[in-house]
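*Asks:* Got a predicted structure here, sequence first:
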Amino acid sequence: MNIYVLLKKTFDTEEKIIINDGQIEDDSAEFIINPYDEYAVEEAINQRDEHGGEVTVVTIGDEDSDKQLRTALAMGADKAVLIDTEDDLEDGDQYTTTKILEAFFQDREVDLILAGNVAIDEASGQVGPRLAECLGINYVTTITDLKIDGDTANIDKDVEGDVEKIETSLPLLVTCQQGLNEPRYPSLPGIMKAKKKPMEDLEIDDLDLEEEDVEPKTKTVEIFLPAEKEAGKILEGEVEDQVKELVSLLKNEAKVL
């Protein structure tokens, strides 16, 4: 099987993020593999081990994105591809990402593409479905189980706390949800092997794309941290008095009534 994983480098939201003049300070930020993409890497490795073939992880970013690719290789992926847009694009959005990936996959044989359900930085969940539409292949989002038999895939799809059973066919793109698997940690032997695994470096010129082909369709107007939560209030007294006070607070302070 030819298995591909779409990988994204994201900010580690568990660490402190500093915003200056409406921009995130990259120098002080910690970067990780988007957590939902880790489920995709793990599932790709599991499917390869069961059905054969190879796993290629693909990311769009800058030269520092090779760290996240090496982590995926250390987990067990076979190959990595970095599409470096640092010198060619100042801004991008989901449209930009999709057009670049569409060009990358245009002449490649694909059986299965896996991606995270969403990225924790923007959480649009658009790239996977957009890419599948461009490539003209089947896709299922938010999967929590995947079983492949020949060209047939049986999938459990998470639908707001319930499960939808889907049968479809390869080639196929899926986006991975929490509960699909438990991503492994890179082992020391895996880290050593990752240093010798192939990593291909591409630029948008290599994909026969011009800058105007991938101009974003959206614009980020402002980036800001959410307001700090204020201390809560404990209402005391009889229930009737608490209700009256709550209504008054919602009306006069919170102004939601």
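*Replies:* On my side now, so go ahead. What you see is a predicted model; the values in this text were computed from it and never measured.

*Asks:* which stretch of helix or strand covers the spatially closest residue to K195 that is not a sequence neighbour?
*Replies:* Excluding its sequence neighbours, the residue lying closest to K195 (CB to CB, 6 or more residues apart in numbering) is R70, at 7.6 Å. In short, each C-beta sits where N, CA and C put it, glycine included. For R70, the element it lies in under DSSP states H and E is helix 66-75.

*Asks:* now the helix or strand that that helix is followed by against helix 66-75, angle please.
*Replies:* Proceeding N to C from helix 66-75, the next assigned helix or strand is strand 79-84, under DSSP H and E. Inter-element angle recorded for strand 79-84 and helix 66-75: 170 degrees (by axes from the mean of the first three to the mean of the last three CA atoms, to 10 degrees).

*Asks:* Give me the packing partners of strand 79-84, helices and strands only.
*Replies:* Judged by 3 or more CB pairs under 8 Å, 6 or more residues apart in numbering; DSSP states H and E, the packing partners of strand 79-84 are strand 54-61, helix 66-75, helix 94-105, strand 199-202.

*Asks:* Save these as CSV, and put in mean neighbour count and mean pLDDT too.
*Replies:* Below are those laid out as CSV (neighbours: other CB atoms under 10 Å; pLDDT from 0 to 100):
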stretch, mean neighbour count, mean pLDDT
strand 54-61, 22, 94
helix 66-75, 22, 93
helix 94-105, 20, 93
strand 199-202, 14, 92
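
*Asks:* okay, now the domains of this protein?
*Replies:* 2-214, 227-257 (automatic domain parsing).

*Asks:* For V221, find the nearest of the ones you listed.
*Replies:* Closest to V221 of the domains of the chain, according to CB to CB: domain 2-214, at 8.8 Å.

*Asks:* List the buried residues of the longest helix belonging to the chain.
*Replies:* The longest helix of the chain (DSSP state H) is helix 35-51. Buried residues in helix 35-51, defined by neighbour count with 16 or more other CB atoms under 10 Å: 35-48.

*Asks:* Pull the contacting residues for the nearest residue to D151 once chain neighbours are set aside.
*Replies:* Counting by CB to CB, 6+ apart, the nearest residue to D151 once its immediate chain neighbours are dropped is L170, at 4.8 Å. Taking CB atoms under 8 Å, 6 or more residues apart in numbering, we find L170 in contact with 111-112, 138, 148, 151-153.

*Asks:* which one of those is nearest G125?
*Replies:* So of the contacts of L170, ranked by how close each gets to G125 (CB to CB), first place is N138, at 17.2 Å.

*Asks:* you'd agree the residue nearest to K195 is up against A194?
*Replies:* Yes: the criterion here is CB atoms under 8 Å, and R70 meets it with A194 at 5.1 Å.

*Asks:* So which residues lie in contact with the helix or strand harbouring D145, not counting its own?
*Replies:* Take DSSP H and E as the rule and D145 turns out to sit in strand 138-149. Applying CB under 8 Å, 6+ apart, the contact partners of strand 138-149 are 1, 43, 47, 50-51, 112, 117, 125, 128-129, 132-133, 153-159, 163, 166, 168-180.
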